[in-house]
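Fold the following and give me the result.
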Amino acid sequence: MSEKPIPSKSPRSPSAAVKAGRGNLGGSTAEAALAERAIMQGRPPLLADGDARNPGLSAFKSVYERFGLSRPLSEEASVLKEWFSEAFGMAAEQKKSLLVDVGGGDRTFELWAKEEGIISLAESIGLEVTGLFMCGPQVGDLDYIKRLWESELFRPKRALLVFNDWSVPVGHDPDRAFGNLTENPFFAQMSDCKLGFLRIPKLSILPAIIESGLSFQQVMESAPRPCGTPFDVLRRAQVKRWFDLIESNIVAEKVESWLP
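Got it, this is the predicted structure:
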């Protein structure tokens, strides 16, 4: 990865961005993109993949091996709670932002967050918490977020609803699938927090990138794959366009300061 980051436009306080919502909605990919965005802008965050069985954020090896914590050894609640505590504590001590992929430990994290008052506790040690609520086009995706919010298990002061086009079934139009979702009456119930929406476009060559072990930045900079050759110019352009669209969406939604 290049050691010449793009300078940050403005200083910002460390934050903890925590993925919430149902799995298999492209959350790990969204967090990987946000991680690389922060790295390229000179703010390398601490990365934490909390799934003991299946890699999520840690599947993006090139970046995770440099900035990630070791994954928890098991899914036992006591192990996960200690692991979550270590992640938040390390980020605060190092004055770094934190990206947490809760993974299979979502229920444990939610209970831990409520029991320990983790949102106010994190703020007291210098980490503002942003919830990255993953939402696909299916009714059950939003229902999960409703139950989580109404239970008050995880209610950060900043909630970013993330729609990844990857979650839309093949043959369906993402614009139509997500359509009126942002107008759902439920979001009026979240008036006690700052609410934003972020679309993540689909990146068709994502599986090939993960398999290569390269970061998005390495792909754009023509780094060689294990086979010895870089991705071709069209695919490099696809990744750059994807990255640029994500940045445009972040700026348009005015949530730059919410993210690492």
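
which residues of the stretch 51-200 of the chain fall in helices?
Assigned by DSSP state H, counting those that start in this stretch, the helices in the stretch 51-200 of the chain fall at 61-67, 77-94, 106-116, 118-124, 139-150, 174-178.

quick one: Ser13 and Thr130 touch, right?
No. Assessed by CB atoms under 8 Å, Ser13 is found out of contact with Thr130, at 11.6 Å. All C-beta atoms are positioned from the backbone trio N, CA, C, and that covers glycine.

Settle it for me: which of the two has more neighbours?
Thr130 (25 against 11; other CB atoms under 10 Å).

List the contacts of Ser62.
Ser62 makes contacts with Met1, Gly213, Leu214, Ser215, Gln218, as judged by CB atoms under 8 Å, 6 or more residues apart in numbering.

ugh, wrong one, Leu69
Leu69 neighbours (CB under 8 Å, 6+ apart): Leu46, Leu47, Ala48, Asp49, Trp83, Glu86, Ala87, Met90.

is it possible to export the residues you listed to CSV including neighbour count, distance to Leu234 and pLDDT?
Output for the contacts of Leu69, formatted as CSV (neighbours: other CB atoms under 10 Å; distance: CB to CB, whole Å; pLDDT from 0 to 100):
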residue, neighbour count, distance to Leu234, pLDDT
Leu46, 22, 34, 98
Leu47, 28, 29, 98
Ala48, 30, 34, 97
Asp49, 26, 31, 96
Trp83, 21, 41, 94
Glu86, 14, 42, 95
Ala87, 22, 38, 96
Met90, 14, 40, 96
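
Just flag the most distant two among the residues you listed.
Longest distance between any two of these is 14.1 Å, between Asp49 and Met90; criterion CB to CB.

For His172, the count of nearby residues, please.
By other CB under 10 Å, the burial measure for His172, its neighbour count, is 11.

what's the nearest residue to it if we skip its chain neighbours?
Leaving aside its chain neighbours, His172 sits nearest to Pro137 (7.6 Å; criterion: CB to CB, 6 or more residues apart in numbering).

didn't that neighbour look like it was pressed against Asp165?
No. Taking CB under 8 Å as the definition, Pro137 is not a contact partner of Asp165, at 9.6 Å.

any shared contact partners between those two?
With CB under 8 Å, 6+ apart as the test, Pro137 and Asp165 both reach Pro174.

and Ile250, how many neighbours?
20.

Apart from its chain neighbours, what residue comes closest to it?
Counting by CB to CB, 6+ apart, the residue nearest Ile250 is Glu256, at 5.9 Å.

how close does Leu245 get to Leu142?
Computed as CB to CB, to the nearest Å, the Leu245 to Leu142 distance reads 24 Å.

neighbour-wise, which of these two wins?
Leu142 (20 against 14).
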